[in-house]
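Visitor: Curious how this folds, go ahead:
(one chain, ligands or ions: 3)
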Amino acid sequence: MPVNPDRFLQDLHALRAIGASGVGKGVVRPAFSEADIAARDWLAGRMAEAGLEPHFDPVGSLFGLSPGAERSLLLGSHSDSQPEGGWLDGALGVIAALEVARAAQEAGGPPVSVVSFEDEEGRFGVTTGSAIWSGHLPLAEADGLTDPAGVTFADARAALGDRRGDFVDPARFTGFLEMHIEQGPTLDTAGEALGVVEAIVGIRDMTITFAGQQNHAGTTPMALRRDAFQALSAFNLALAERFANVVTPATVWTIGHVSLHPNAHSIVPGRASFSMQWRDGDADRLRRMEEIIRDIAAEICAARGMTCEFGPMLGLEPVAMDEGLRAALARAAEAEAPGRWRHMPSGALHDATNAARLMPAAMLFVPSIGGISHDFAEDTAEADLVSGLRTLARAVADLD
Ligand code: GLV
Ligand code: MN
Ligand code: MN
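Guide: Ligands and ions are numbered 1, 2, ... in the order given. Alright, predicted model coming up:
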């Protein structure tokens, strides 16, 4: 089943051009934006040209179904991006899937289907499209979720218009393989070409709001202030101290989005809403971290005469990859890059977490230059992109 690296790279660059940021190779293609929907329409066309049947589900996840009644492997990832995203995060797995499916069609088999899940990057949730498909997140609940600007998921997905069909029956698929950039420094630092993922971390994510008293920045004595930013600052410091006995060097937490009200130089901020996200491979540690977060927030607000509100808690459990699919990827990696690959965990979240609820699932990583991702500067050497593609194709042929 010979893949065509030139065709693969051309398609990868064609997708990059839809929503190109103009800064390096970056893209701005958040879920349901004009660029995201245009990219999905382009991809549906490429799927059809490859002999696949394009099909949008009710939330915009685009499948390219292998024709006929035969069950198939499902390959893919996502084509939406972060608000400032790289050209490979998600796109690589989708275009590699397209090339392998195309090569398989040309070779007369095996049957391969392709998917680009919607909102993996979590404009509304955490891996929203695949979380809904897998049954982890009920559609009615998802419809009420809002993005940071207050737009609901229900309103955003209406932009898909009459593209939307039914959900695809997961029983059509024998397993899910997702190729992705590593998005961290491990492979690049070690000079290795490939990573076979052992497990994907779990995640928790919620919005917290501290409310105090908006007031004049010149006349309000420091001792009398109920300043929401000062409370957030104290919360952040206390968090690092109280986490110290619970976390490991692999545990991570991030306050990545902060909204201060009214956000003006001469006003003591009355309200701070912020995202609180934490990730670890151990579900019990995630739970203990949640307790600490809730306790500290309540203590800090009580001590300052402020109120504290917790938004809905979103999350995914840590998940191990399927042994059989992993073994096929490992054999393919050793054939493609002997001695230059490793088994490794994933600290990034992926649609494979949700697919693993429905079918055997596994993942293949290629290096990220400098370990940079979720940034316009994200990149991977062309030779590594192609060796990932070849490894994926080898594994698919092996599994046949
Ligand atoms: C997905 O992009 C993640 O945040 O890990
Ligand atoms: Mn991704
Ligand atoms: Mn991402």
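
Visitor: Every contact and neighbour count from this point should use C-alpha atoms.
Guide: Fine.

Visitor: What about T353, how many residues nearby?
Guide: Neighbours of T353 under the rule other C-alpha atoms under 10 Å: 26.

Visitor: Just give me the neighbour total for V23.
Guide: Neighbours of V23 (other C-alpha under 10 Å): 11.

Visitor: Look up how far ligand 2 lies from it.
Guide: Per C-alpha to the ion, to the nearest Å, V23 is found 20 Å from ligand 2.

Visitor: Ok, A131 next?
Guide: Taking C-alpha to the ion as the measure, A131 falls 14 Å from ligand 2.

Visitor: Contacts only, for the nearest residue to P2 once chain neighbours are set aside.
Guide: Among residues not flanking P2 along the chain, A103 sits closest, at 6.2 Å (C-alpha to C-alpha, 6 or more residues apart in numbering). Shown in contact with A103 (C-alpha atoms under 8 Å, 6 or more residues apart in numbering): 1-4.

Visitor: Same check on N236?
Guide: Not one residue lies near N236 by C-alpha under 8 Å, 6+ apart.

Visitor: can you confirm it is in a strand?
Guide: No. Membership of N236 in a strand is not supported by DSSP: H, G, I helix; E, B strand; the rest coil, which gives helix.

Visitor: Tell me the pLDDT of it.
Guide: Listed pLDDT for N236 reads 98.

Visitor: What's the separation between it and ligand 2?
Guide: 27 Å.

Visitor: For H216, list each beta-bridge partner.
Guide: Taking DSSP bridges as the rule, H216 bridges to I267.

Visitor: Next up, the contacts around it.
Guide: Applying C-alpha under 8 Å, 6+ apart, the residues near H216 are 266-268.

Visitor: that older thread, to which secondary structure element is the residue nearest to P2 assigned?
Guide: Element membership for A103 (DSSP states H and E) is helix 91-107.

Visitor: Now that helix: buried residues?
Guide: 91-105 (16 or more other C-alpha atoms under 10 Å).

Visitor: ok so, going back, ok, of the contacts of H216, which come out buried?
Guide: Neighbour-count burial (16+ other C-alpha under 10 Å) is assigned, among the contacts of H216, to 267-268.

Visitor: Present the contacts of H216 as CSV; the columns should include distance to ligand 1 and pLDDT.
Guide: Conversion of those to CSV gives the following (distance: C-alpha to the nearest ligand atom, whole Å; pLDDT from 0 to 100):
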residue, distance to ligand 1, pLDDT
S266, 35, 98
I267, 33, 98
V268, 32, 98
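
Visitor: Rebuild the contacts of H216 as JSON lines, extending it with distance to ligand 2.
Guide: As requested, the contacts of H216 are arranged in JSON lines below (distance: C-alpha to the ion, whole Å):
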{"residue": "S266", "distance to ligand 2": "40"}
{"residue": "I267", "distance to ligand 2": "39"}
{"residue": "V268", "distance to ligand 2": "38"}
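
Visitor: mind putting the contacts of H216 in JSON lines, distance to R340 included?
Guide: Shown next, in JSON lines, are the contacts of H216 (distance: C-alpha to C-alpha, whole Å):
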{"residue": "S266", "distance to R340": "57"}
{"residue": "I267", "distance to R340": "56"}
{"residue": "V268", "distance to R340": "55"}
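
Visitor: Out of the contacts of H216, which comes closest to D227?
Guide: Minimum distance to D227 across the contacts of H216 is 5.9 Å, recorded for V268 (C-alpha to C-alpha).

Visitor: From the recorded domain assignment, give the ranges for this structure.
Guide: For the chain, the structural domains run 5-200+318-398, 202-316, going by the TED database.

Visitor: and the longest one, is it in reach of ligand 1?
Guide: Put plainly, it is domain 5-200+318-398. Yes. Using C-alpha under 6 Å from any ligand atom, domain 5-200+318-398 reaches ligand 1 at 121, 348-349.

Visitor: Neighbour-wise, give me the winner out of those residues.
Guide: Neighbour-wise, those (other C-alpha under 10 Å) top out at E121, 27 neighbours.

Visitor: That one reaches D80, doesn't it?
Guide: Yes. E121 is within contact range of D80, at 6.8 Å (criterion: C-alpha atoms under 8 Å).

Visitor: Overlap of the contact sets of the two?
Guide: Each of 30-31 lies in contact with both E121 and D80 under the rule C-alpha under 8 Å, 6+ apart.

Visitor: hey, where'd the helices end up in the stretch 101-250 of the chain?
Guide: 128-133, 139-143, 153-157, 186-190, 228-243 (DSSP state H, counting those that start in this stretch).

Visitor: Quick check: which of those is buried the most?
Guide: Highest mean neighbour count among those (mean count of other C-alpha atoms under 10 Å): helix 128-133, with a mean of 26.

Visitor: and it, how far from the chain's centre?
Guide: 11 Å (C-alpha atoms, centre = their mean, to the nearest Å).

Visitor: Next, the buried residues of the host helix or strand of L43.
Guide: Secondary structure from DSSP H and E places L43 in helix 34-49. For helix 34-49, burial by neighbour count (16+ other C-alpha under 10 Å) applies to 35-41, 43-44, 46-47.

Visitor: Return the closest of these with respect to ligand 1.
Guide: Ligand 1 has its nearest neighbour among the buried residues of helix 34-49 in D36, at 15.6 Å by C-alpha to the nearest ligand atom.

Visitor: measure the closest one to A149 for me?
Guide: Per C-alpha to C-alpha, to the nearest Å, D36 is found 18 Å from A149.

Visitor: could you dump stretch 133-152 to CSV, C-alpha only?
Guide: Extracted in CSV, the C-alpha atoms of stretch 133-152 (Å, rounded to 0.1, in the frame of the first residue of the first chain):
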residue,chain,number,x,y,z
TRP,A,133,-20.0,11.1,19.7
SER,A,134,-18.6,8.7,22.3
GLY,A,135,-21.6,9.4,24.7
HIS,A,136,-19.3,11.0,27.3
LEU,A,137,-21.1,14.4,26.9
PRO,A,138,-24.8,14.4,26.2
LEU,A,139,-25.7,16.7,23.2
ALA,A,140,-28.4,18.5,25.3
GLU,A,141,-25.8,19.3,27.9
ALA,A,142,-23.2,20.4,25.3
ASP,A,143,-25.7,22.7,23.6
GLY,A,144,-25.8,24.8,26.8
LEU,A,145,-22.0,25.2,27.0
THR,A,146,-20.7,28.7,26.2
ASP,A,147,-17.4,29.9,24.8
PRO,A,148,-15.5,32.7,26.5
ALA,A,149,-17.6,35.3,24.6
GLY,A,150,-20.8,33.8,25.9
VAL,A,151,-21.9,32.1,22.5
THR,A,152,-23.6,28.8,23.1
